[in-house]
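In: build me a model from this:
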Amino acid sequence: MQPSRMIRCAFYRLIPRVTSQVTEHQIFSCPWRSRLSFGTARKGTLASASFSRRHFQKDLLTFLDSSATPVTVTEIRQYLRGNNISFYDGYSCLHVPSPFTLCQGNNLFIDKTTGRFLCKETLLEGTWEDYKDSMELLNKERSSFLSPDTMASYFGDSDTEERDRQFNNMEVSRIWNKAVWFHDLEEEDAQLIKTMFSISKINSTTLKKFGVKCFQPTKSLVFPWFSPRDATVKGLKLLSAVCKDNNVTYVETFYPQLSQYQNLFGLPVLGKKDTEVVITSREVDSLAIHQATGVTTISLPRGITCLPPVLLPYFEQFKRIILWLGDDLHAWEASKMFSRKLNVKRCLLIRPGDKQPSPLQAFNLGLNLNKILKTSLPASHKSIISFRQLREEVFGQLENAEQVAGVKWARFPDLNKLLKGHRKGELTIFTGPTGSGKTTFISEYALDLCMQGINTLWGSFEINNVRLAKVMLTQFSLLRLEEQLHLYDEWADKFEELPLYFMTFHGQQNIQTVIDTMKHAVYMYDMSHVIIDNLQFMMGQEQLHTDKFALQDYIVGAFRKFATDNNCHVTLVIHPRKEDDDKELQTSSIFGTAKASQEADNILILQDRKLVSGPGKRHLQLAKNRFDGDVGVFSLEFNKTNLTYSSKGKAKVKRVGKENEPPPSPSSEKPTKNKTEK
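Out: Have a look, this model is predicted:
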């Protein structure tokens with residue numbers, strides 16, 4: 001059995017268990033029985049056992065080998081029917097009887113996309129292969145269910161995992177027990193803390209119902225994550241207010257870390273017969289909606305960043321789901337993305353606007369939240385729509401022009417002047433001469449966005465992940481850590497928290513394998529940015545008898561389709577064709593046919609003019625910008641100490657009438673006239 005070929009950052013020590021069936025049988029070198037993991041069970045039979053927490057497996061993204069195919073919902077159904085296992089076809093999951101408990105009913109949920117399962121009675125989860133192996137063991141033992149005694153010889157956590165779990169439980173208990181209920185605070189203290197978080201109108205009854213406490217040492221709100229099976233607290237989110245320069249910012253702290261455990265705020269408040277729920281991105285929004293309307297509300301652990309598929313089974317009981325995630329376009333995009341996971345047919349979305357701000361803001365303004373909920377729009381739509389249906393969305397884009405322009409780079413302000421921002425659903429082509437520093441630049445370009453919360457997947461086929469991660473850690477810390485090893489753990493811990501993932505492909509790879517891995521990453525972790533370095537490594541040895549230009553066009557088209565279908569930005573590095581050293585690269589210099597430049601929304605060229613008398617001069621040229629047509633160029637200065645680039649001088653921006661016209665030449669002091677490419 002092969003080891004995992006997909007890892008998160010080389011420096012990660014703790015990574016979530018949420019992985020996909022895509023290639024989970026490729027992950028482990030040990031037998032299947034070491035892959036399933038139970039929480040700590042109480043004494044007694046499994047029928048009455050209470051597993052204290054969901055245990056996340058320490059593997060992250062997997063990869064789809066060319067010799068393996070992902071499980072499909074058709075295959076899952078065929079297996080269940082072939083083994084006479086009754087099932088109910090739910091929205092995101094198939095509901096089947098659990099082999100781990102004697103409780104009646106379909107209380108085990110199998111994800112239709114990945115094949116992963118979750119037993120809500122025991123909180124046991126695993127892969128599709130794990131489920132099939134468990135059923136084989138059940139039949140072999142000829143038992144009605146798998147008891148703890150039977151499973152004891154198959155499962156077990158390492159001493160390190162057990163120590164981590166015990167430490168986390170102790171830390172959670174310590175904070176929870178030290179925190180106090182709001183009704184136990186002095187009225188003046190309680191009102192002061194409520195004012196800090198704009199929840200003055202939220203009464204103590206609502207706070208108590210959702211289990212919200214106050215941690216007085218830091219004046220923080222404490223939001224608990226209760227076990228889905230009982231009232232025990234398994235995780236906490238602390239929300240603190242930090243005031244600096246008359247500005248208040250809110251900081252979230254998690255116990256344990258999100259990489260180890262995630263849950264849903266408000267889960268114990270749900271009734272088993274509830275059929276409608278409102279999903280929010282913030283706990284305070286859930287409190288406001290519930291107090292104002294009385295409807296069932298749930299808050300996501302990572303806000304608009306990600307909806308972990310492992311939490312989907314908890315939404316299966318709802319026939320109607322309203323997503324009210326915020327008051328900006330980022331929240332609107334997240335709503336549409338999450339509705340696809342939850343099944344668009346039952347989802348409705350609250351469109352952001354002046355009359356429909358965030359739930360807490362609407363509550364504080366005295367707006368009618370019931371009325372706003374009634375304005376929710378169906379997430380599903382027909383293939384043909386009229387402008388009347390698009391009218392409000394067009395207005396929203398005009399009203400929020402800065403948000404539409406995308407996420408701004410913090411390290412490359414001149415790039416913001418040209419490209420305006422990083423936008424989802426686009427394809428960026430990046431090229432530059434061999435040895436010019438393309439990978440070093442693009443790693444900082446992507447790291448900048450990742451540090452701002454953009455979920456990023458790296459596919460480096462030319463440079464191994466350890467080397468790439470070392471470069472990115474140096475760029476992140478702005479230090480030569482090899483000379484200051486005592487600071488390594490501090491910066492590695494910070495780097496570990498970034499939403500950064502790596503594919504472990506290296507060398508020639510099949511395009512379909514890569515695309516399947518990217519789709520898997522988008523589903524599991526809501527990726528917003530994928531970097532492929534570089535296209536030439538998609539053209540594998542098995543394609544020796546295929547026209548290379550036709551193959552390249554097919555690959556570019558596949559990435560273009562992926563970006564559009566998944567609303568995910570793809571940055572594709574392509575080597576240029578051979579040019580004379582004294583000539584600057586143009587759009588026509590990109591290797592292959594014109595399809596790459598035609599399909600791309602943006603074309604970035606790293607110009608590197610070699611000088612005989614000294615180091616070369618580098619410039620970044622934006623040669624195509626489909627968003628607003630602005631193109632241009634600016635100088636870059638490389639800092640060898642921390643492997644970073646910085647802008648030098650002002651960017652030369654030029655508005656062009658045609659997409660294929662180049663910007664001013666970076667070698668000229670004054671802008672030159674544009675010449676149309678041949």
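In: could you list the low-confidence segments of the stretch 51-200 of the chain?
Out: For the stretch 51-200 of the chain, the stretches with pLDDT under 70 are 51-69, 147-162.
In: can you show me the strands along it?
Out: 88-89, 93-96, 108-111, 117-119, 124-126, 180-181 (DSSP state E, counting those that start in this stretch).
In: for the fourth one, which strands pair with it and how are they oriented?
Out: Partner strands and pairing direction for strand 117-119 (DSSP bridges) are strand 108-111 (antiparallel), strand 124-126 (antiparallel).
In: now swap in the last one and tell me
Out: Strand 180-181 has its sheet partners listed here by DSSP bridges as strand 213-215 (antiparallel).
In: avg pLDDT for the partner strand?
Out: Strand 213-215 comes out with an average pLDDT of 95.
In: follow the chain on from it and name the next helix or strand.
Out: Downstream of strand 213-215, the first helix or strand assigned by DSSP states H and E is strand 220-226.
In: I'd like the distance from that following strand to the chain centre, please.
Out: How far strand 220-226 lies from its chain's middle: 23 Å, per CA atoms, centre = their mean, to the nearest Å.
In: which residues touch it?
Out: 175-176, 179, 193, 197, 199, 210-215, 232-240, 253, 261-265, 267-268, 283-284, 299, 301 (CB atoms under 8 Å, 6 or more residues apart in numbering). Using the backbone N, CA and C atoms, a C-beta is placed for each residue, glycine as well.
In: about what we covered before: could I get the strands of the stretch 51-200 of the chain as a markdown table with distance to Leu138 and mean neighbour count?
Out: Shown next, in a markdown table, are the strands of the stretch 51-200 of the chain (distance: least, CB to CB, whole Å; neighbours: other CB atoms under 10 Å):
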| stretch | distance to Leu138 | mean neighbour count |
| --- | --- | --- |
| strand 88-89 | 20 | 11 |
| strand 93-96 | 13 | 22 |
| strand 108-111 | 12 | 26 |
| strand 117-119 | 13 | 25 |
| strand 124-126 | 13 | 26 |
| strand 180-181 | 45 | 14 |
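In: for Gln78, which of those strands is the nearest?
Out: Nearest to Gln78, of all the strands of the stretch 51-200 of the chain, is strand 93-96, at 11.8 Å by CB to CB.
In: Leu473: which of the strands paired with strand 117-119 is closest?
Out: strand 124-126 (31.7 Å).
In: ok, back up a step: could you export the strands of the stretch 51-200 of the chain as a markdown table, including distance to Asp608?
Out: A markdown table is the format used below for these (distance: least, CB to CB, whole Å):
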| stretch | distance to Asp608 |
| --- | --- |
| strand 88-89 | 57 |
| strand 93-96 | 52 |
| strand 108-111 | 47 |
| strand 117-119 | 52 |
| strand 124-126 | 50 |
| strand 180-181 | 61 |
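In: Gly82 is nearest to which of those strands?
Out: Nearest to Gly82, of those and by CB to CB, is strand 93-96 at 13.3 Å.
In: check the offset of the closest one from the chain's centre.
Out: The answer for strand 93-96 is 25 Å, by CA atoms, centre = their mean.
In: same check on stretch 500-512?
Out: For stretch 500-512 - counting by CA atoms, centre = their mean - the centre lies 18 Å from the chain centre.
In: buried residues, that stretch. List them.
Out: Judged by neighbour count (16 or more other CB atoms under 10 Å), stretch 500-512 contains these buried residues: Leu500, Tyr501, Phe502, Met503, Thr504, Phe505, Gln509, Asn510, Ile511.
In: now for those, which pair is the farthest apart?
Out: Leu500 and Asn510 (24.4 Å).
In: for Val556, see how far away Lys120 is.
Out: 44 Å (CB to CB, to the nearest Å).
In: oh, that last question was meant for Glu129, not what I typed.
Out: For Glu129, the distance to Val556 - CB to CB - is 35 Å.
In: adding distance to Arg163, write the strands paired with strand 117-119 out as JSON lines.
Out: Putting the strands paired with strand 117-119 into JSON lines (distance: least, CB to CB, whole Å) gives the following:
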{"stretch": "strand 108-111", "distance to Arg163": "30"}
{"stretch": "strand 124-126", "distance to Arg163": "21"}
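In: so which of these is nearest His575?
Out: Per CB to CB, nearest to His575 of these: strand 108-111, 39.0 Å.
In: output the closest one in CSV with nothing but the alpha carbons.
Out: C-alpha atoms of strand 108-111 as CSV (Å, rounded to 0.1, in the frame of the first residue of the first chain):
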residue,chain,number,x,y,z
LEU,A,108,-24.8,6.6,9.6
PHE,A,109,-24.3,9.1,6.8
ILE,A,110,-22.2,8.5,3.7
ASP,A,111,-21.1,11.6,1.7
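In: which residues does that strand contact?
Out: Against strand 108-111 from outside (CB under 8 Å, 6+ apart): 21, 76, 90, 92-100, 116-120, 128, 131, 309, 312-313, 316.
In: phi, psi of Leu604?
Out: Here is the backbone geometry of Leu604 (degrees, to the nearest 10): phi -110, psi 130.
In: okay, and the beta partners of it?
Out: Bridge pairing for Leu604 - DSSP bridges - gives Phe430, Leu622.
In: pretty sure it is touching Leu622, no?
Out: Yes. Assessed by CB atoms under 8 Å, Leu604 is found in contact with Leu622 at 6.0 Å.
In: where do the strands sit along the stretch 551-678 of the chain?
Out: So, for the stretch 551-678 of the chain - with DSSP E, counting those that start in this stretch - the strands run 569-573, 602-609, 617-625, 630-639, 644-655.
In: need the ones you listed in CSV (columns: mean pLDDT).
Out: Supplementary listing: the strands of the stretch 551-678 of the chain in CSV, determined by pLDDT from 0 to 100:
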stretch, mean pLDDT
strand 569-573, 96
strand 602-609, 89
strand 617-625, 90
strand 630-639, 91
strand 644-655, 75
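In: reformat those strands as a markdown table; add mean neighbour count.
Out: Compiled in a markdown table, these are given as follows (neighbours: other CB atoms under 10 Å):
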| stretch | mean neighbour count |
| --- | --- |
| strand 569-573 | 26 |
| strand 602-609 | 23 |
| strand 617-625 | 23 |
| strand 630-639 | 19 |
| strand 644-655 | 16 |
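In: residues in contact with Glu252?
Out: Glu252 makes contact with Lys237, Leu238, Leu239, Ser240, according to CB under 8 Å, 6+ apart.
In: looking at the strands paired with strand 117-119, which is closest to Gly326?
Out: Using CB to CB, the strands paired with strand 117-119 put strand 108-111 closest to Gly326, at 26.4 Å.
In: centre of the chain to the closest one, how far?
Out: With CA atoms, centre = their mean, you get 22 Å for strand 108-111.
In: show me where pLDDT drops low in the stretch 501-650 of the chain?
Out: Across the stretch 501-650 of the chain, the ranges flagged by pLDDT under 70 are 540-546, 579-582, 610-616, 649.
In: and with 50 instead?
Out: Within the stretch 501-650 of the chain, the ranges that satisfy pLDDT under 50 run 611-614.
In: in the helix or strand encompassing Thr206, which residues are buried?
Out: Under the criterion of DSSP H and E, Thr206 resides in helix 204-209. The neighbour-count check on helix 204-209 (16+ other CB under 10 Å) flags Thr206, Leu207 as buried.
In: stretch 276-286 too?
Out: Val277, Val278, Ile279, Thr280, Ser281, Arg282, Glu283, Val284, Asp285, Ser286.
In: got the residues you listed as JSON lines, with distance to Gln397 and secondary structure columns?
Out: Output for those, formatted as JSON lines (distance: CB to CB, whole Å; DSSP: H, G, I helix; E, B strand; the rest coil):
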{"residue": "Val277", "distance to Gln397": "29", "secondary structure": "strand"}
{"residue": "Val278", "distance to Gln397": "25", "secondary structure": "strand"}
{"residue": "Ile279", "distance to Gln397": "24", "secondary structure": "strand"}
{"residue": "Thr280", "distance to Gln397": "24", "secondary structure": "strand"}
{"residue": "Ser281", "distance to Gln397": "21", "secondary structure": "coil"}
{"residue": "Arg282", "distance to Gln397": "24", "secondary structure": "coil"}
{"residue": "Glu283", "distance to Gln397": "29", "secondary structure": "helix"}
{"residue": "Val284", "distance to Gln397": "28", "secondary structure": "helix"}
{"residue": "Asp285", "distance to Gln397": "24", "secondary structure": "helix"}
{"residue": "Ser286", "distance to Gln397": "28", "secondary structure": "helix"}
